[in-house]
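In: pasting a predicted model and its sequence here:
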Amino acid sequence: MKCFPIFARWSVALVVLGSLAASAATSAEIEPNNSFQSRQSLGAGDSVLTAQIADVLATPDRDVSLSLVTQEVTNFVEMTLGIPNDGFIAWIDNDVPGSASAPDTRLGSFDATGSLVSSDDNASPIGTGTASALLGTVNVDGTIKLSVTGSSDFLFTGAHSEQGALDLLVALGEPDLDFFSFQGLLPGEPFLLEVDAPDQLGLQKTLLWLNDAGAPIETVFNLFPLCIEGVVPANGVVNFAIAGGEDRNADGIPDTGPGADNRIGIGTGDYTLVFVPEPNCLALSLTALGALMALPRRRDAPVC
């Protein structure tokens, strides 16, 4: 059974909070819950969870102004940031006021010996859409080695025609992930799992239902709202994760397949997650219909 448009409403989460206040157990996110192994356990029954995908990019540890010149590679080496094996995020803003052009960039990360580890073309969450971003780890010698070149220069030899000003930003840390587990549920019972956020049109999150090994059973990305329906497994446990951006593996690495939104650091902010056993969800729909019809209408709002 799938979520589908029945009637218009702005937020199922708001209705659940109002209509099931007497029966729903409301919980708050408890960190750390950034991995399947550290997932937060939640109680059985109707539940409302308030949580947040933290914006690691909001406070960069370094912000360096650079210029990209045709037929050249711009190098940036930061030797005092973090300790070996710390994770970091590097991203470019190529929409710099006063610059004659916005360069189409490629960003590369290099190990302590200068060998290329990874590179990216267009994954920056800011800029003109042709700026780069990547995830990396601090080198064994304590360095972060980054180079910027034109998008077509895969080998970082300077073979490109791009030029213009840019900002290179670096933040220690990794994209925030939230993992949870509902325990003690009734095996075989249908359920609805839904994510709601204040800015619905900019939700940009992935909701994943996970098996007991942490592998995805079902994933949805950037719908209004995020919604999965399923049946409680025999062990009475439903595991799930929330990721910012399109991350259908819940590993902090944006998807890169055809048509995927590979931007790093999007989909951050507060959200509400609602878990409703299907029979109660049906009752909710019937009893809340009058209130829902009074809300501003949308055509694409699924409900169970």
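Out: Great, that's in hand. Numbering: from 1, shown residues only.
In: for this protein, which segments count as helices?
Out: For the chain, the helices defined by DSSP state H cover 12-19, 278-287, 289-293.
In: quick one, strands of the stretch 51-200 of the chain?
Out: For the stretch 51-200 of the chain, applying DSSP state E, counting those that start in this stretch gives strands covering 62-68, 74-78, 87-93, 105-110, 116-120, 133-137, 144-150, 164-172, 177-182, 190-196.
In: packing partners for the longest one?
Out: Based on contacts counted as 3 or more C-beta pairs under 8 Å, 6 or more residues apart in numbering; DSSP states H and E, the elements that strand 164-172 packs against are strand 62-68, strand 87-93, strand 144-150. Using the backbone N, CA and C atoms, a C-beta is placed for each residue, glycine as well.
In: rewinding a little: so which of the strands of the stretch 51-200 of the chain is nearest Ile53?
Out: strand 177-182 (6.7 Å; C-beta to C-beta).
In: sheet partners, orientation included, of the closest one?
Out: strand 40-42 (parallel), strand 238-244 (antiparallel) (DSSP bridges).
In: the ones you listed: which one's closest to Val56?
Out: Closest among the strands paired with strand 177-182, using C-beta to C-beta: strand 238-244, at 9.2 Å.
In: next, the angle from the closest one to strand 190-196.
Out: Counting by axes from the mean of the first three to the mean of the last three C-alpha atoms, to 10 degrees, strand 238-244 lies at 20 degrees to strand 190-196.
In: what residue of this protein is the furthest out?
Out: Centroid-distance maximum for the chain: Gln71 at 35.2 Å, with C-alpha atoms, centre = their mean.
In: got the confidence number for that residue?
Out: We have a pLDDT of 97 for Gln71.
In: is it correct that it is in contact with Glu162?
Out: No. Counting by C-beta atoms under 8 Å, Gln71 does not reach Glu162; the two are 9.6 Å apart.
In: what sits against Thr70?
Out: Applying C-beta atoms under 8 Å, 6 or more residues apart in numbering to Thr70 gives the contacts Gly150, His160, Ser161, Glu162, Gln163.
In: just Gln163 next, same as before
Out: By C-beta under 8 Å, 6+ apart, the residues touching Gln163 are Ser67, Leu68, Val69, Thr70, Ser101, Pro103.
In: same check, this time on Asp247
Out: Pro175, Leu177, Thr206, Ile253, Pro254, Asp255.
In: what about it, distance to Thr143?
Out: With distances taken as C-beta to C-beta, to the nearest Å, Asp247 is found 28 Å from Thr143.
In: quick one: mean pLDDT for stretch 140-149?
Out: Averaging pLDDT along stretch 140-149 yields 97.
In: how far off centre is that stretch?
Out: Taking C-alpha atoms, centre = their mean, to the nearest Å, one finds stretch 140-149 lying 25 Å from the centre of the chain it belongs to.
In: and that stretch, what's buried?
Out: Going by neighbour count (16 or more other C-beta atoms under 10 Å), the buried part of stretch 140-149 is Thr143, Ile144, Lys145, Leu146, Ser147, Val148, Thr149.
In: can you list these in a markdown table and add distance to Ser132?
Out: Listed next are the buried residues of stretch 140-149 as a markdown table, based on distance: C-beta to C-beta, whole Å:
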| residue | distance to Ser132 |
| --- | --- |
| Thr143 | 19 |
| Ile144 | 15 |
| Lys145 | 15 |
| Leu146 | 10 |
| Ser147 | 11 |
| Val148 | 8 |
| Thr149 | 10 |
